[in-house]
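[1] what follows is a predicted protein model with its sequence.
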Amino acid sequence: MTLQHSGAYATTAGVPAQPGLPARGRAAARALPVVRDLRDRHGRVPRTLTFAAGDLVVVSGLPGSGKSTLIARTAQGRGIDSQDARERWERRMPALLPYAVYRPLVRLAHYAGLWRALRSGAPVVVHDCGTQAWVRRWLAREAARRGRSLHLLLLDVTPGTAREGQRERGRGVSGYAFHRHRRAVGRLVRDAERGAVPRGCASAVLMDRPAASALTRIAFL
């Protein structure tokens, strides 16, 4: 596995082309998961992340870290976000009805939409809360089925920043749920920092808030 702290300004999230290597060596290099650390770069970060056509991208991070904002701004209509499903159902439900009552229906609608998007063969950018490892395994199997790769974009923000993000959007999670998210996302970040990615992922990109804010486009070519 490769951890890249520098040279991370190219638009591709994969392994850079290495013309000096023979074909077999280039294939082996592409097979190695790569972690790109774009944190603390003082603005010297890519504005575009480019992946192969048909690849899948999963965006993970704490609630309030900016996942939905990032997907809405950069995914060019290819985003699958559970927040979208929640807002659609909220518009249809009585205002006084607690979200907990119809949460199962929202989740069912979200995963049904994700299943349809995956069956289409189109590239997608998927919102992931970090605690649902089975979702990443599902995406990894789907990427393998279509002969493509799964990539992880990991937003690394402080708990205080995430809590502030929840307040700004007027929607938070319980202390218990937030603790679960902190443990799960913290484990993903620590693994990435040592060059490890979740099983089935071809690469991971670590991003802080400035790097995420600078990103304008997730492209599939």
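    On my side now, so go ahead.
[2] low-scoring stretches of the chain, by residue?
    In the predicted model of the chain, residues 1-31 satisfy pLDDT under 70.
[3] all the helices of it, residue numbers only.
    For the chain, the helices defined by DSSP state H cover 23-31, 67-74, 82-92, 99-119, 133-145, 159-169, 175-193, 209-214.
[4] distance to residue 53 for these - can I get that in CSV?
    (Each C-beta comes from the backbone N, C-alpha and C, glycine too.) CSV is the format used below for these (distance: least, CB to CB, whole Å):
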stretch, distance to residue 53
helix 23-31, 15
helix 67-74, 17
helix 82-92, 24
helix 99-119, 15
helix 133-145, 12
helix 159-169, 32
helix 175-193, 25
helix 209-214, 24
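[5] tell me which of those helices sits most buried.
    Across the helices of the chain, averaging neighbours per residue (mean count of other CB atoms under 10 Å) puts helix 67-74 on top, at a mean of 20.
[6] circling back: mind checking which of the helices of the chain is nearest residue 39?
    helix 209-214 (6.4 Å; CB to CB).
[7] run through the neighbouring helices and strands of that closest one.
    Using 3 or more CB pairs under 8 Å, 6 or more residues apart in numbering; DSSP states H and E, no helix or strand is in contact with helix 209-214.
[8] check contacts around the residue nearest the centre of the chain.
    For the chain, residue 59 is the residue whose C-alpha lies nearest the centre (CA atoms, centre = their mean; 1.1 Å). Contact analysis of residue 59 by CB atoms under 8 Å, 6 or more residues apart in numbering lists 67, 70, 71, 125, 126, 127, 128, 153, 155.
[9] of those, closest to residue 218?
    Minimum distance to residue 218 across those is 5.6 Å, recorded for residue 125 (CB to CB).
[10] bridge partners for that closest one, pull those for me.
    Listed by DSSP bridges, the beta-bridge partners for residue 125 are residue 57, residue 79.
[11] from residue 175, how far off is it?
    29 Å (CB to CB, to the nearest Å).
[12] now swap in residue 120 and tell me
    Separation of residue 120 from residue 175 (CB to CB): 39 Å.
[13] just residue 86 next, same as before
    As judged by CB to CB, residue 86 and residue 175 stand 20 Å apart.
[14] please apply the same query to residue 193.
    Per CB to CB, residue 193 is found 26 Å from residue 175.
[15] list the contacts of residue 84.
    Contacts of residue 84 (CB under 8 Å, 6+ apart): residue 110.
[16] next one: residue 67
    59, 60, 61, 81, 127, 128, 155.
[17] and those, which is closest to residue 187?
    Nearest to residue 187, judged by CB to CB, of these is residue 60 at 10.7 Å.
[18] surely the closest one is in contact with residue 188?
    Yes. At 6.1 Å, residue 60 and residue 188 qualify as touching, with contact defined as CB atoms under 8 Å.
[19] find residues that contact each of those two.
    Residues touching both residue 60 and residue 188 (CB under 8 Å, 6+ apart) are 130, 152, 154.
[20] roughly how far does the residue nearest to the centre of the chain sit from residue 133?
    The gap separating residue 59 from residue 133 is 15 Å, by CB to CB.
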